[in-house]
Structures are given as structure tokens and as C-alpha cells.
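In: Attaching a predicted model along with its sequence, questions to come.
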Amino acid sequence: MVCKVIFQTLASLDILPDMAVEYWRKILQHRQELGLLLARKVDLMTAMCDFLRTSTNYLVNSRLVDVSTFERVIHETMYDGLTGLFNRPYFDEAYEQQVSLAKRYNTDLAVLFMDVDNFKEINDTLGHVVGDVALKRIGAIINEAKRESDIAARFGGEEFVLLMPHTESVNAFILGERIRKVVEHEKFSAHGQSFRLTISGGLASYPTNASDPKTLLHLADSATYLAKGAGKNNIALYKKDKRRYLRVKLSQPVLIKELGFDDSRIYAGTSKDICIGGILFENDASLPIGAHIQISVPVSAATPLLLIGTIVRVEAFGEKSFEIGMTISFKEMEKIANTEIAQFLKDGDR
């Protein structure tokens, strides 16, 4: 196996272990014979190249390539020259692999398309050089915000795509919102020109929205158009039917508490809609997107309905008037509840 790895590393050849051992011994002998004939020391790479070229069919058309040149060529085949993110060909290949892994291990996978709003105006008014500076900075923002396991690529023009393995749509949405806000507050400057930009994004996830790779990409792209149509500068989750769950108008007082903090303030809000997938309520204070909260709904005087979920939408209608949407995932609900119980038992031990 060592000999097999040697050929893989030095010559990028996949040779069976037994054959690799035989070739390795012959290369060492060939190196010794070359040294005697030339009356000088012959390095290993020269001996290996000569042996493979003259004694095997592995190097039919050998070529001298400088290592730095080889690495540069490899880099150019994988990365976008402007933004430093992965390029479209690399993303296409990685995407197929990640979808296959998600299917094999039954894991979640989210795809987020991002498109720079009104980017043509920047190119037309400030020039393509300034536009390139902006794209480079947006690429850096995405690269800084993504996690180690995520794959970020420039899909083409002013379009970017982020592939998030092992990620449910809610968590993917939170990351997308984080990127959107950073871009929104970024002050771009180039050649004495200052300006601001926003992005619109579309999100689709496997297996919730689609199991076919092409369909999943198409749905994420379609969600981007929904975000554009909704006024731009927002992230839209793909939904086949916005009325997927039966919604019930529920206007009554609710108590809201952010989880994870012992001294967390309890807010008194008013619910608006409730369904199996989530709840919409009004509150006099904003809550951070991505926060895990608990809502107590007094369905009956004896037993209130306790819901645990994640904030996915906050919209301000005044200085002290916020409409907040919380998504309810029973899988996430169980996980959060288990964490809370474990912390309670740990604190009780002390």
C-alpha cells in the first residue's frame, strides 16, 4: 500500500499494490543503473519518469511541467479569478457529489442562490472596473460568513451560490440573512466612488423541496426571483404552496421567552396566525433572527400550549411594533427541549 501511495503522489498513477511493489523495486534498480552509466547521481523523479516512459505504457507522452506552473493551472481550474471563490465547473462537480452523499446518508442539504440587486446600474454608471471591485468584496463577505464545510462559488456574472451540507432550511436561512445584512451595511468604494449594494437570495433544500439535483437548483433559482419580486434585499425560501398548512387566525396574548438565558426577559405579545409549521405574533421589541424561543399560548386556562422554535422573520411597523415569525420544527423542538432539560439537570446538580 505504501508503494501504491508513492505512485499516486509522485506520478498521479493508480497502480495495484502488488504491481506497485514490483515497479518500485525496478525503479530503484533503474536509478542505480542510470547512475553508473552517467557517472553521476540520478534523482528519484528522473529515474521514475524514465522507467515509466521506456518500460511501461503509463507515460506515453511525458512532459516537463514546473510544480508552480502545475499548481497554478490546477488553481485556475477550480477557482474564480476575480472573487477567489470556487468557479462554476468546480461547483457543478462538487454539487453532484454532495447530493449523492446526502442521499446515501439521508442528511439535509441546502442551496442558496444570491444575486446582486441592480448591478447593471453600477456597471453602466460607475464602470465595470468598479463593478469588479464590488463583486470581489461580496465574494469575500460570503467566504468570511460561510462555515468550513460550506462550498461557495461564483455561479456567473453577479450571481453567487452557497452549498450547505448537513443543513436544514431554517439554519441555511439564518446564514443567508447574515450575509444579506453584512452586504446591506457594507460601504463600497472604488476610484473615489462610494456606493451601497444589496443582494436577493433564493433557498431550496434537499429532501424537503426536491431530491433531483437539477430540480433543486432550479427551485433555489426560482426562489431568487420571488425575493426580487418581493422588493429585493431579502432571502426567500422556496415553497411549493405558501398555504401548505392550515392557518388559523389567533389573536390573543402570548408570553415569549428567549431560550438559553436564565435572566431572559419575558415578553408579552399578541398572536396573529398559527399553523403546524409556525406562528406569527406581534411584539413591542425586536428579537434576533435565529434565536430559539419558547411561546406560551393560553389555549385553555388550565394548560397553556408551549411552542419551541426559531425566529425566521422580523418586520418593523413602528418604533415599538414588530411582527415576528417563528418556525416550528418538531425535530428541532425535540433537540432544543433536550438541551434545555440537560442544562436544568446540570444546574440542579450544582
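Out: The structure has been received and is ready for your questions.
In: contacts and neighbour counts: CA atoms only from here.
Out: Noted.
In: longest single helix anywhere in the protein?
Out: Once the chain is assigned using DSSP state H, the helix that runs over the most residues is helix 17-38.
In: who does the strand or helix carrying residue 308 pair up with?
Out: For residue 308, the host element (DSSP states H and E) is strand 305-318. Strands that pair with strand 305-318, judged by DSSP bridges, come out as strand 292-297 (antiparallel), strand 321-327 (antiparallel).
In: tell me the mean pLDDT over stretch 152-164?
Out: On average, the pLDDT along stretch 152-164 is 96.
In: list the buried ones in the helix or strand where residue 217 lies?
Out: Residue 217 is part of helix 213-229 when elements are defined by DSSP H and E. Using 16 or more other C-alpha atoms under 10 Å as the test for burial, helix 213-229 gives 216, 217, 219, 220, 221, 222, 223, 224, 225, 226, 227, 228.
In: so the fifth one makes contact with residue 214?
Out: No - between residue 221 and residue 214 there is no contact under C-alpha atoms under 8 Å: 10.7 Å.
In: Could you pick out the one among the buried residues of helix 213-229 with the lowest pLDDT?
Out: Lowest confidence among the buried residues of helix 213-229: residue 226, with 82.
In: Tell me which residues touch the nearest residue to it once chain neighbours are set aside, please.
Out: Closest residue to residue 226 apart from its sequence neighbours, by C-alpha to C-alpha, 6 or more residues apart in numbering: residue 236 at 6.5 Å. By C-alpha atoms under 8 Å, 6 or more residues apart in numbering, the residues touching residue 236 are 200, 201, 202, 203, 223, 224, 226, 227.
In: which SS class is the first one?
Out: Put simply, residue 200 is strand when judged by DSSP: H, G, I helix; E, B strand; the rest coil.
In: That one pairs with what?
Out: residue 115.
In: how about it, what does it touch?
Out: 114-117, 180, 224, 227-228, 232-236.
In: circling back: residues touching the helix holding residue 217, excluding its own?
Out: 95-96, 99, 111-115, 200-206, 209-210, 233-238.
In: got it, and stretch 145-160?
Out: Contacts of stretch 145-160 (C-alpha under 8 Å, 6+ apart): 80, 83, 85-88, 91, 113-116, 119, 135, 139, 142-143, 161-165, 175, 178-179.
In: Next, the buried residues of stretch 86-94.
Out: For stretch 86-94, using 16+ other C-alpha under 10 Å, the buried residues are 86, 87, 88, 91.
In: Could you save those as CSV and add columns showing pLDDT and secondary structure?
Out: Shown next, in CSV, are these (pLDDT from 0 to 100; DSSP: H, G, I helix; E, B strand; the rest coil):
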residue, pLDDT, secondary structure
86, 95, strand
87, 94, coil
88, 94, helix
91, 95, helix
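In: rewinding a little: using PDB, list the CA coordinates for the helix holding residue 217.
Out: The C-alpha coordinates for helix 213-229 follow below in PDB (Å, rounded to 0.1, in the frame of the first residue of the first chain):
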ATOM      1  CA  PRO A 213     -30.100  17.800  -8.300                       C
ATOM      2  CA  LYS A 214     -31.300  19.800 -11.300                       C
ATOM      3  CA  THR A 215     -34.700  20.400  -9.900                       C
ATOM      4  CA  LEU A 216     -33.200  21.500  -6.500                       C
ATOM      5  CA  LEU A 217     -31.000  24.100  -8.300                       C
ATOM      6  CA  HIS A 218     -34.000  25.300 -10.400                       C
ATOM      7  CA  LEU A 219     -36.100  25.800  -7.200                       C
ATOM      8  CA  ALA A 220     -33.400  27.800  -5.500                       C
ATOM      9  CA  ASP A 221     -33.100  29.900  -8.600                       C
ATOM     10  CA  SER A 222     -36.900  30.400  -8.700                       C
ATOM     11  CA  ALA A 223     -36.900  31.500  -5.100                       C
ATOM     12  CA  THR A 224     -34.400  34.200  -6.000                       C
ATOM     13  CA  TYR A 225     -36.900  35.600  -8.500                       C
ATOM     14  CA  LEU A 226     -39.500  35.600  -5.700                       C
ATOM     15  CA  ALA A 227     -37.100  37.600  -3.500                       C
ATOM     16  CA  LYS A 228     -36.600  40.100  -6.300                       C
ATOM     17  CA  GLY A 229     -40.400  40.400  -6.800                       C
END
